[in-house]
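> Give me a model of this one.
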Amino acid sequence: YFVEAGKGAQFEEKGIDVYIPKNSLYQDVFLDVTFEEEKISLHEDIVPIHSNISIGFDVSKYEPQDREQLFIARLNKWGKPNYSTTAKEGDRFTTKTRSFGTYTLARDTKAPAVIPVNFKNGQWISGNKDLRVKISDDLSGINSFRATVNGKFILMEYEYKQNLLTHYFEDGVVTETENQLKIEVTDNVGNTT
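Predicted structure coming up:
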């Protein structure tokens, strides 16, 4: 497909569409676009994109409950899906991106993992200065987390490179001898632990 930088372009096939707004590309270019079943290979990611382009998928063949765990993923060079922020509007999912590459629909059915690092259930922790918990999600990634002790919100710092949540006792929220810690972690498609 030939796309002029100063003009918008749109391509659609097999329930997948691509919209490239005008001035999104730095120069006129021939784009190599391959539409497959639930997958689009959109040129090479060595070509820079100035502003977001939009990629859409028709998901009308999926039951509404199945759509909850679906998302648009960009495949890395090894074919592993990486979550791309997905807007879900009825029978259509869209993502905005500034990278060419291969995009597909992927499904995340597994809830995030929550693993205590420096404590375990029933352990006396009065000598600890903090609580550390590792959180991870195998596919769509962590969207949110919330922690409480005895029903009261506690602040936990998130170190995303290490997937580590840390709560420092110096904030004074934990004052009881026995405490109930609750951590709720949700991934980008709504699976919760």
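> what kind of secondary structure is Y103 in?
strand (DSSP: H, G, I helix; E, B strand; the rest coil).
> how many neighbours does it have?
The local packing of Y103 (other CB atoms under 10 Å) involves 24 other residues. Yep, even glycine has a C-beta here, placed from its N, CA and C like the rest.
> residues touching it, list them.
39-40, 42, 55, 72-75, 84, 95, 97 (CB atoms under 8 Å, 6 or more residues apart in numbering).
> of those, closest to M156?
S84 (26.9 Å; CB to CB).
> Give the closest residue to that closest one in space, chain neighbours not counted.
In space, S84 comes closest to T95 once its chain neighbours are excluded; the distance is 4.4 Å by CB to CB, 6 or more residues apart in numbering.
> Let me know the closest of the contacts of Y103 to K134.
A73 (23.6 Å).
> distance of the closest one from L181?
33 Å (CB to CB, to the nearest Å).
> Which residue of those two possesses the greater neighbour count?
Counted by other CB under 10 Å, A73 and L181 do not tie: A73 has more neighbours, with 23 against 16.
> Just give the nearest non-adjacent residue to the more buried one, would you?
Per CB to CB, 6+ apart, closest to A73 is P81, 3.3 Å.
> looking at it, the one you found is touching L70, isn't it?
No: in this structure P81 lies outside contact range of L70 using CB atoms under 8 Å: 11.2 Å.
> Spit out the contact partners of the residue nearest to S84.
54-55, 72, 84-87, 103.
> ok, which pair from those is furthest apart?
Every pair of these checked by CB to CB; the farthest is A87 and Y103, at 13.7 Å.
> Residues that sit against both of P81 and L70, list them.
With CB under 8 Å, 6+ apart, P81 and L70 have common neighbours A106.
> one step back: show me what the residue nearest to S84 bridges to in the sheet.
Beta-bridge partners recorded for T95 (DSSP bridges): I55.
> and the closest residue to K39 other than its chain neighbours, what are its bridge partners?
Distance criterion CB to CB, 6+ apart; nearest residue to K39, sequence neighbours excluded, is T104 at 4.2 Å. Per DSSP bridges, the residues bridged to T104 are K39, A73.
> contacting residues for T104?
38-40, 72-73, 75, 81.
> Tally up the residues packed near the residue nearest to A73, please.
20.
> Any stretches of the chain with poor pLDDT?
For the chain, no stretch is flagged by pLDDT under 70.
> Pretty sure E12 sits in a strand.
Yes: secondary structure of E12 (three-state DSSP): part of a strand.
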